[in-house]
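Visitor: next one to model:
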Amino acid sequence: MSSIAIADYALISDRHSAALISRDGSVDWLCFPRFDSASVFARLLDEEAGHWSIRPSVPYEVSRRYLERTMVLETTFRTASGTVVLTDALLTGPDNGGHRLGVGVPRLLVRRVYGAEGEVPVETDYRPRPEYGLIAPILSRTEGGVTSRGGAEWLVLTTPTAMTFTDASAHAAFTVRAGESSYFGMHRSTLEETPAHVWPQEELAVRLDSTIAAWRSWSDLHQAYDGPWRELVHHSGRVLQALSFQPSGAIVAAATTSLPEGVGGERNWDYRYTWVRDASLTMEALWVAACPDEAHDFFAFLATAAPSLSQDRSLQIMFGVGGEHDLSERTLPHLRGWRDSRPVRVGNGAWSQQQIDVYGELLDAAHRLADQLEHIDDDTRRFLIACADTAAERWTEKDQGIWEVRGEPRHFLYSKVMCWTALDRALGLADRLGAPLEKVSAWRRTREEIRATVLDEGWSDEAGAFTQYFGSTALDASNLMMPIVGFLPPDDPRVLATIDAIAEKLTDDAGLVYRYRTEGGVDGLAGEEGTFLLCTFWLAEAMALAGQADRASGVFERAAAYINDVGLLAEEVDPATGELLGNFPQAFSHIGLVNAAWAISRARRAVAA
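Guide: Below you'll find the model as predicted:
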């Protein structure tokens, strides 16, 4: 059983794949060649599913950081006899400065071991287990390394020291002295690609340095935000870049699958895909923490992947990072899951759900790039018009809502608000889209009808707030989006009452916000879940928009306190233990952090003015 705390991991990425490395120097998660590919190492989900560790063989103290303005990880081990520094990176390609970060990557994980002082005995344990641990490959010696054969993966480990073999694993022990550097590298190919090979030590050194320089080039070009929590915002921008798929511009929701929302429960999902739901919020965060080019790339991906309305005119809610539509879900019964949290899932069954909020999120994303829409093609214009038409037609229907509940469909308030948003943004884009006047008039009438219905049926006098779905008294944090999307002014008394109700009744003892209360069974799943960091940042953002900058700052600080030692956030926090829960690192949490910081920055400036 894997039991290492989620917060004990750090992320590295080449914008195609991602690896998670523990504080003890073990690569416990790596998928090649894409974020959503089968894993090579998956000890994160089962002790027997593969890992690659490098660490001192004597007691040590450990600290770690990302090298400045990069996503290259440095772990420092201090022992009684000396200090050794481990540097980990998934290498970028040649000429990868600035916007080219992640182009032509070699599929190569490099690990540099450097003696900072004294002498340190070090050991490495290499256990590749392709296809989520199903394959125990055949390992063989080759000059300067180790080959691994089994399944579709051809892996070659470059090693500066001889290794011994037992049970489809390779091991080595060596001593690192002050001033010495050794480079290990795992190169991956498939049977149909140019075979992976052993790399010279000098070339690994040059390529690692160029990867560091490439990340710094991207950061220097993109990160100009200079407001509150500047370093957190800049780092979150790099995390979002690390979670983006370079060939398409798609951003995965997280780098992992099946890290649970409640320990031992069934709320375990595969988040290595991209959601339309995230689009408009991601656009805002990319503008603040990265640059308009990344925002445009993400929208270009959606505009390519999404234009396929089904026969019932529904828009798919999520896609593979290459634009794939079929994300059929299956379980992996041979994996025990993190802390026995089963089932382990790959694929995501929510891809076939109906969620009528997606039209608003897509059109809101388009609206944020309005100045660039003059250059879109006629097919995309027709598609965006069709999305507005569909929102106008389907807003009265029940759906599964933003949280993808697996219970019965309902009239979720957030879904109605986002249909209003779809029409509001379509009206703002009407000239650029070339929408006929009769459509514009129809959109305007329906927008006002939605608004009146939400105000009438979405408000509960008993709850003193807007509620989760029509006729209920349950609170839902997604209603914090009402002022954020402009459905109502932030200082509207009903908005202020909803903010106060959520802050008082939908939080844990630490002041972190739940999505909703699970006790009523609305989501069709057993068990409970943690508080949501995104929702807590939404609360801070809504307060900031309402002019409550100090109150918003306090909420922001409460959520930001759960960032781990290298600046990463998961999806949730366990109310009982304070541990991070859910897939990791979670793009939505970092998006929420960026957008809340930006809102608070503007609120402070308004007060100062």
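
Visitor: can you give me the buried ones in the longest strand seen in the chain?
Guide: Using DSSP state E to define each element, the chain has its longest strand at strand 108-127. Applying a neighbour-count criterion of 16 or more other C-beta atoms under 10 Å, one finds 108-115, 120, 122, 124, 126-127 buried in strand 108-127. Heads up, the C-betas are built off the backbone N, CA and C, glycines and all.

Visitor: tell me the one of those nearest Ile251?
Guide: Within these, proximity to Ile251 (C-beta to C-beta) peaks at Leu109, which comes in at 21.8 Å.

Visitor: identify the bridge partners of that closest one.
Guide: Judged by DSSP bridges, the bridge partners of Leu109 are Leu90, Met186.

Visitor: returning to that earlier point: of the buried residues of strand 108-127, closest to Ala178?
Guide: Looking across the buried residues of strand 108-127 and measuring by C-beta to C-beta, the closest to Ala178 is Gly115, at 4.7 Å.

Visitor: for that closest one, what are its contacts?
Guide: Shown in contact with Gly115 (C-beta atoms under 8 Å, 6 or more residues apart in numbering): Gly82, Thr83, Val84, Val176, Arg177, Ala178, Gly179, Glu180, Ser181.

Visitor: neighbours of the closest residue to Val263 other than its chain neighbours, just the number please.
Guide: Excluding the flanking residues, the one nearest Val263 by C-beta to C-beta, 6 or more residues apart in numbering is Arg339, at 5.2 Å. Arg339: 15 surrounding residues under other C-beta atoms under 10 Å.

Visitor: next one: Glu47
Guide: Neighbour tally, Glu47, other C-beta under 10 Å: 15.

Visitor: you'd agree it is in a helix?
Guide: No. Checked against DSSP: H, G, I helix; E, B strand; the rest coil, Glu47 lies outside a helix; its state is coil.

Visitor: isn't it right up against Ser26?
Guide: No. Look at Glu47 against Ser26 with C-beta atoms under 8 Å: they stay out of range, at 11.3 Å.

Visitor: quick one on the thing from earlier: columns pLDDT and distance to Pro493 on top of the buried residues of strand 108-127, output as a markdown table?
Guide: Below are those laid out as a markdown table (pLDDT from 0 to 100; distance: C-beta to C-beta, whole Å):
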| residue | pLDDT | distance to Pro493 |
| --- | --- | --- |
| Leu108 | 98 | 58 |
| Leu109 | 98 | 55 |
| Val110 | 98 | 58 |
| Arg111 | 98 | 58 |
| Arg112 | 98 | 59 |
| Val113 | 98 | 62 |
| Tyr114 | 98 | 61 |
| Gly115 | 98 | 65 |
| Val120 | 98 | 64 |
| Val122 | 98 | 64 |
| Thr124 | 98 | 63 |
| Tyr126 | 98 | 62 |
| Arg127 | 98 | 60 |
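
Visitor: just those residues now: which is nearest Gly150?
Guide: Arg127 (12.3 Å).

Visitor: Glu47 is in contact with the closest one, correct?
Guide: No. Contact criterion C-beta under 8 Å: Arg127 and Glu47 do not qualify, at 10.3 Å.

Visitor: helix, strand or coil for Asp424?
Guide: Applying three-state DSSP: Asp424 is helix.

Visitor: distance check, the nearest residue to it once chain neighbours are set aside against Pro436.
Guide: Leaving aside its sequence neighbours, Asp424 sits nearest to Arg447 (C-beta to C-beta, 6+ apart; 5.8 Å). As judged by C-beta to C-beta, to the nearest Å, Arg447 and Pro436 stand 17 Å apart.

Visitor: again, but for Leu221
Guide: 42 Å.

Visitor: ok, the two, which is more surrounded?
Guide: Neighbours per residue, other C-beta under 10 Å: of Leu221 and Pro436, the larger number sits with Leu221, 15 against 11.

Visitor: just checking, that one is part of a helix?
Guide: Yes. Assessed with three-state DSSP, Leu221 lies in a helix.

Visitor: give the contact list for the nearest residue to it once chain neighbours are set aside.
Guide: Distances taken as C-beta to C-beta, 6+ apart place Gly98 nearest to Leu221, at 4.8 Å, with adjacent residues excluded. By C-beta under 8 Å, 6+ apart, the residues touching Gly98 are Ser217, Trp218, Leu221.

Visitor: quick one: buried residues of the helix or strand encompassing the first one?
Guide: Taking DSSP states H and E as the criterion, Ser217 maps to helix 201-222. With burial defined by 16+ other C-beta under 10 Å, the residues of helix 201-222 counted as buried are 201, 204, 207-208, 210-212, 214-219, 222.

Visitor: which of those residues sit farthest apart?
Guide: For those, the maximum inter-member distance is 32.4 Å, found between Gln201 and His222 (C-beta to C-beta).

Visitor: and Thr158, what is it in contact with?
Guide: The contact partners of Thr158, taken as C-beta under 8 Å, 6+ apart, are Gly144, Gly145, Tyr183, Phe184, Gly185, Met186, His187, Val198, Trp199, Gln201, Leu204.

Visitor: name the nearest residue to the fourth one, ignoring sequence neighbours.
Guide: Leaving out its chain neighbours, the residue that sits closest to Phe184 by C-beta to C-beta, 6+ apart is Arg111, at 4.4 Å.

Visitor: run a quick check on that neighbour versus Leu90, I expect a contact.
Guide: No. Here Arg111 does not reach Leu90: they are 10.6 Å apart, not a contact under C-beta under 8 Å.

Visitor: quick revisit: tell me what angle the helix holding Ser217 forms with strand 108-127.
Guide: Counting by axes from the mean of the first three to the mean of the last three C-alpha atoms, to 10 degrees, helix 201-222 lies at 120 degrees to strand 108-127.

Visitor: pull out the buried residues from the helix or strand that comes right after helix 201-222.
Guide: With elements assigned by DSSP H and E, the helix or strand that comes after helix 201-222 is helix 230-242. Under the neighbour-count criterion of 16+ other C-beta under 10 Å, helix 230-242 has Leu232, Val233, His234, His235, Ser236, Gly237, Arg238, Val239, Leu240, Gln241, Ala242 buried.

Visitor: just the closest of these to Gly265, please.
Guide: The closest of the buried residues of helix 230-242, once distances to Gly265 are taken by C-beta to C-beta, is Val239, at 26.1 Å.

Visitor: quick one: contacts for that closest one?
Guide: Taking C-beta under 8 Å, 6+ apart as the test, what Val239 contacts is Leu11, Met71, Gly567, Leu568, Pro585, Ala587, His590.

Visitor: then Ser553?
Guide: Ser553 touches Pro228, Ala540, Ile600, counting by C-beta under 8 Å, 6+ apart.

Visitor: who wins for most neighbours among the residues you listed?
Guide: Of the contacts of Ser553, with other C-beta under 10 Å as the count, Ala540 tops at 30 neighbours.

Visitor: that residue belongs to a strand?
Guide: No. According to three-state DSSP, Ala540 belongs to no strand; its state is helix.

Visitor: doesn't Ala596 make contact with it?
Guide: Yes. Counting by C-beta under 8 Å, Ala540 touches Ala596, with 4.2 Å between them.

Visitor: overlap in contacts of these two?
Guide: Residues touching both Ala540 and Ala596 (C-beta under 8 Å, 6+ apart) are Ala552, Phe556, Ala559.

Visitor: how about the residues you listed in JSON lines, adding pLDDT and neighbour count?
Guide: As requested, the shared contacts of Ala540 and Ala596 are exported to JSON lines (pLDDT from 0 to 100; neighbours: other C-beta atoms under 10 Å):
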{"residue": "Ala552", "pLDDT": "98", "neighbour count": "26"}
{"residue": "Phe556", "pLDDT": "98", "neighbour count": "26"}
{"residue": "Ala559", "pLDDT": "98", "neighbour count": "28"}
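
Visitor: of those residues, which belong to strands?
Guide: Going by DSSP E, the strands hold none of those.

Visitor: just give the number of residues close to the residue lying closest to Ser328 once chain neighbours are set aside.
Guide: Leaving aside its sequence neighbours, Ser328 sits nearest to Gly347 (C-beta to C-beta, 6+ apart; 5.0 Å). Other residues within reach of Gly347, judged by other C-beta under 10 Å, total 19.
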